[in-house]
Structures are given as C-alpha cells and as structure tokens.
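A.B. asks: Next comes the sequence, and after it the predicted model I'd like to discuss.
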Amino acid sequence: MKITSKAITEVVQTVENSEAGEVIVPAGEFWAHFGVQDSMQALQQQIAQRLAEEGLEVAFEVVIALPPEELPLVGEFSVPAQPAPLDLSAGTLRALSIQQPWAELILRGDKNLEYRSRRMREMGPLLVHASGTRVPENFGGRDLDPDALPYRALVGVVDVVGVQEVEGEDGLYAWQLAYPRRFRTPLPYSGAAGIFRVPTETVREALETATTPETPL
C-alpha cells in the first residue's frame, strides 16, 4: 500500500494549524487516513475487553506533534564589567556537574545559558565539572569529537550573573553565565547532583592559571 504525498501533507498542515501544535486522533482513524489497515486492531480490542472486565476504559490514540523547539545556547543579558572575585580563602567553592559537550561549549564562550529546574540564588563564581555521562544525541551536528573531551573532571570556572525563568517552560530556569575560564589541565574529580562543594586547595593552582577563550595557551 503506497502512502500518498497528499495524505502526508494533510496531516502536516493539520498539526501546523492546530493551536497546541499537536493533534490526537483515534488509532483506527489515523491508519484509515492513509488507507492502511490497523494491524494492531484485534490485539487492541482484546486488551480493551480484558480491561473493561476489570472496570477500566482504554482508548488507543495517536499523538502527532511538532518537535519541541530547542532551547537556545546563547542569550543576551547584562554582564558585569569585571569577573566576580574568587575567594580563595574560603574552605570550599561551589561546583556544578555539566554533561559534554555543554561544559566544553561554556568554556569556549559558545554557550552562556545553562538550564536547570532550580533557581540559582547566589550569583558569582561556579566551578565547571564535566560529568561522566555521555549522551550521543548531544553531539549531533557539532564538530566535536566526544573522545577528545574530558569527563569526570573539573575543567574550569564561570560566573553566574543572573537567572531567568524560561517562558513557556514551567519550573525551568536559565542560568546566565559570563567570564568562562578554562583550567590548563582537567582535574579528575567525582561530581554530584546539583550544586556541590569542592575544597579550595584542590583547585587553587588551576584557578590561578586558568585561561579565558581569548587567552592563548
């Protein structure tokens, strides 16, 4: 059975014209639109009947939706004239574990927004920890070799200069970043969920020799 371009176009236009950017239709109606028999219909009916015997109702539907918009990596916001001072007399410094390649892009100055489900209350320096989690989809379309990047290591520091709730995304916040500085050598270190603390002595030397994206190595 050949699926026609007209049938595809009609579905696309229906979704694009919908207010929510998605359309939900009964499974049978979906397949009928393409002139295809629902091969799962008999099984669906058996399941529905068994569940009905238990006092439950079930409906098999197809959700057709536009893909979610990717959140931007870069935003425009006010940045202080100078980096925030580092208090090397403190016993510990704050750190955040970030997946690659996002940690690398932050240090390159190519990403100044970090999305989190919690609002950052305290502005200022934040150590960047490259987590050990590898998600191949993160590297799609990016000229970065996953095997060439550091993992499970402290790789630099960046200033958090602001936080803004993401419009249309309940409970999601964009942490605004500035003044990334890269450690000349990644420091192997075990990260943790959320903000965690790192002994200042662990990163003192690395902080003193950290480089900005414009600083030649």
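C.D. replies: That came through fine.
A.B. asks: and the one helix or strand D159 maps to, which residues are buried?
C.D. replies: Assigned by DSSP states H and E, D159 falls within strand 153-165. Neighbour counts over strand 153-165 (16 or more other CB atoms under 10 Å) mark A153, L154, V155, G156, V157, V158, D159, V160, V161, G162, V163 as buried. (Glycine included, C-beta is placed from N, CA and C.)
A.B. asks: what does stretch 87-101 give?
C.D. replies: Within stretch 87-101, the residues that count as buried by 16+ other CB under 10 Å are L93, R94, A95, L96, S97, I98, Q100, P101.
A.B. asks: just stretch 143-153 next, same as before
C.D. replies: Under the neighbour-count criterion of 16+ other CB under 10 Å, stretch 143-153 has L149, P150, Y151, A153 buried.
A.B. asks: Assign the residue nearest to the last one when sequence neighbours are not counted to helix, strand or coil.
C.D. replies: With CB to CB, 6 or more residues apart in numbering as the measure, P186 is the residue that lies nearest to A153, at 3.8 Å, once sequence neighbours are left out. Judged by DSSP: H, G, I helix; E, B strand; the rest coil, the three-state class of P186 is strand.
A.B. asks: okay, now P186: neighbour count?
C.D. replies: 19 (other CB atoms under 10 Å).
A.B. asks: Ok, K2 next?
C.D. replies: 8.
A.B. asks: all strands in this protein, in order from the N-terminus.
C.D. replies: Using DSSP state E, the strands of the chain run over 22-26, 61-65, 92-98, 113-116, 124-130, 153-165, 173-188, 195-199.
A.B. asks: so which of these gets nearest S5?
C.D. replies: strand 61-65 (16.5 Å; CB to CB).
A.B. asks: Run through who's touching that closest one.
C.D. replies: Outside of strand 61-65, the residues within contact range by CB atoms under 8 Å, 6 or more residues apart in numbering are V11, T14, V15, G21, E22, V23, I24, V25, P26, A27, F30.
A.B. asks: Mind listing the strands that strand pairs with, and their directions?
C.D. replies: Applying DSSP bridges, strand 61-65 is found paired with strand 22-26 (antiparallel).
A.B. asks: Report the beta-bridge partner residues of A130.
C.D. replies: A130 has these beta-bridge partners by DSSP bridges: I98, A153.
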